[in-house]
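Asks: Sequence plus predicted model, see below.
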Amino acid sequence: MILITRLALFCLMVNLYFPLCAQSPQSDSRHWQFSAGVQYDQGRNTITDPAPPLSSLSIGGNFEYVITFPRIKLVYFANLNFQRIEGEGSLIAYQNDFGLEETLSIDNIRTGPGIALKLNNKGRLHPLLGAQAFLGFPVNAEYDFQNVRMDIQYDLPLSFNAKGGASLYTGGQLFAGIEMTFSAKSKLRLKAALGQQSQFASWELPSPFLTPLYERARLIKGGYWQASLEVVHDL
């Protein structure tokens, strides 16, 4: 899915190139703006990866550079946010049938570039399309499981706990949304996105996970959908 996201971003840039070349920026058509908001993510299965039952909440902002053309606007932006991922149940870090009750929480500081196209320069409502990539640095991670079936035939302990050890978070998404203008410098932005994300950990795992197949614990691997709300202010 990350490869598909990159391919879609490339196709978006190619499709933008020709209509943008046919237009010329207006005078005084470039400006900076800042947006801040909240995003909610929920895991979803894809063709290649089953998504763990995880959800996340992110709070942060974008620093954006806007180029205005006669009929459209092109927005380049850099994102920085704090992400909290949580999951509780089974089949979270391990795809298994051992009857484990798992709990996972991860805190990441995420950053990454993005691009968006606003399709209408007139009126108060502005549809937008775009793509975004993420790189996250773990601040805190904690995982534990309870062997509720007390199944010890695989030498599994009755409980297990690990802290830290999370790897870098990587992800990407395609999004669509709408931006509503409230004043000359203030807007409200609503977005919906589909993406792919990945993050692992290097814990010393209990048997039977100490095999080449389970060298790293899978914290996140799969698709997600996202809903976000942002407030935008021109600088």
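Replies: Thanks, I have it.

Asks: residue boundaries of the strands in this protein?
Replies: Applying DSSP state E to the chain gives strands spanning 30-44, 54-68, 73-89, 100-118, 125-147, 159-163, 169-181, 186-201, 217-234.

Asks: ok, of those strands, where does mean pLDDT dip lowest?
Replies: If you rank the strands of the chain by mean pLDDT, strand 159-163 sits at the bottom with a mean of 88.

Asks: Tell me the gap between it and the middle of its chain.
Replies: Relative to the centre of its chain, strand 159-163 is centred 26 Å away, using Cα atoms, centre = their mean, to the nearest Å.

Asks: Taking their axis directions, it and strand 217-234 sit at what angle?
Replies: Using axes from the mean of the first three to the mean of the last three Cα atoms, to 10 degrees, the inter-axis angle of strand 159-163 relative to strand 217-234 is 40 degrees.

Asks: export the strands of the chain to TSV and tack on mean neighbour count?
Replies: Just so you know, the C-beta spots here come from the backbone N, C-alpha and C atoms, and that holds for glycine as well. Below are the strands of the chain laid out as TSV (neighbours: other Cβ atoms under 10 Å):
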stretch	mean neighbour count
strand 30-44	16
strand 54-68	17
strand 73-89	17
strand 100-118	19
strand 125-147	18
strand 159-163	15
strand 169-181	19
strand 186-201	19
strand 217-234	19
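
Asks: Would you list the phi and psi of residue 46?
Replies: The phi/psi pair for residue 46 (degrees, to the nearest 10) reads phi -120, psi 180.

Asks: Repeat that for residue 99.
Replies: phi 70, psi 30.

Asks: Please name the nearest non-neighbouring residue to it.
Replies: Nearest non-adjacent residue to residue 99, counting by Cβ to Cβ, 6 or more residues apart in numbering: residue 149, 3.7 Å away.

Asks: Can you report how many residues lie near the one you found?
Replies: 11 (other Cβ atoms under 10 Å).

Asks: Tell me who's in contact with residue 56.
Replies: By Cβ atoms under 8 Å, 6 or more residues apart in numbering, residue 56 lies in contact with 40-41, 83-86, 224.

Asks: ok, now residue 191?
Replies: Taking Cβ under 8 Å, 6+ apart as the test, what residue 191 contacts is 128, 175-177, 226-228, 230.

Asks: If we use 6 Å, what do you get?
Replies: Shown in contact with residue 191 (Cβ atoms under 6 Å, 6 or more residues apart in numbering): 175, 177, 228.

Asks: Could you check how far the closest residue to it other than its chain neighbours is from residue 183?
Replies: In this structure, residue 191 finds its nearest non-sequential neighbour in residue 177, 3.4 Å apart by Cβ to Cβ, 6+ apart. Using Cβ to Cβ, to the nearest Å, residue 177 is found at 19 Å from residue 183.

Asks: do the same with residue 88
Replies: Taken as Cβ to Cβ, the span from residue 88 to residue 183 is 43 Å.

Asks: With residue 227 instead?
Replies: 25 Å.

Asks: unless I'm mixing things up, residue 167 is touching residue 203, no?
Replies: No. In this structure, residue 167 is not within contact of residue 203 by Cβ atoms under 6 Å, at 10.9 Å.

Asks: Looking at those two, which is more packed in?
Replies: Between residue 167 and residue 203, residue 203 has the larger neighbour count (other Cβ under 10 Å), namely 21 against 17.
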